[in-house]
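Asks: Sequence and predicted structure are below.
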Amino acid sequence: MEKEELRIRLMKEDDFERVVSIDEKIMGRSRREYYEIRFEKLFKSKDYLPASLVAEIEDGTVVGFVMGELYIGEYGIFQEEATLDTIGVDPDYQHKGIGKRLIEEFVDHLKDVGVKKIYTLVDWNDSDLIRFFSSNQFIPSKTINLERIL
């Protein structure tokens, strides 16, 4: 997709319905409650800086998004680390470079405020997502995520 046809901007509170809709098309089920919590944290908390972005086409339709967090530490000092926790591109617009553009803008935005490292989690069995992040210069972390099934 041509750069002129796609605009990346900071996510706004009124992007909620479209983000939920895109995620539902990808996941095959609604995760409205998850996004209600995420949007509440993003737009009501004073402990986070805006880092989430959306991609919209010329007519203003949101076709993708990336959500992450940049924490403000003690005394209002920025942390040098951020997280990328959710990314989605409407299936009708996938494989057009939108996800790559979202990641590039997300990384540039965080670099501008002094972030040095971005973390994300990916299911070990999701080879498509692992390949996507690998192609966008993410590498395995030295930290191992452990779990205990109860």
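Replies: Received the coordinates, thanks.

Asks: could you give me the average pLDDT of the host helix or strand of residue 87?
Replies: Following DSSP states H and E, the helix or strand that holds residue 87 is strand 78-89. Average pLDDT, strand 78-89: 87.

Asks: Mind checking what helix or strand follows that strand in sequence?
Replies: helix 98-112.

Asks: Residues touching that following helix, excluding its own?
Replies: 1, 3, 6, 8, 51, 53, 55, 63-66, 68, 70, 82, 84, 87, 89, 118, 132, 135-136 (Cβ atoms under 8 Å, 6 or more residues apart in numbering). Just so you know, the C-beta spots here come from the backbone N, C-alpha and C atoms, and that holds for glycine as well.

Asks: what are the phi and psi angles of the most centrally placed residue in the chain?
Replies: The centre of the chain sits closest to residue 66, judged by Cα atoms, centre = their mean, with a distance of 2.3 Å. With angles defined as degrees, to the nearest 10, residue 66 sits at phi -140, psi 130.

Asks: do the same with residue 144
Replies: According to degrees, to the nearest 10, residue 144 has phi -110, psi 130.

Asks: distance of it from residue 134?
Replies: 18 Å (Cβ to Cβ, to the nearest Å).

Asks: between those two, who's got more neighbours?
Replies: Using other Cβ atoms under 10 Å as the criterion, residue 144 and residue 134 rank with residue 134 on top: 12 against 6.

Asks: And the more buried one, how far from residue 149?
Replies: 28 Å.

Asks: For this structure, just list every one of the helices.
Replies: For the chain, the helices defined by DSSP state H cover 16-27, 32-44, 98-112, 127-135.
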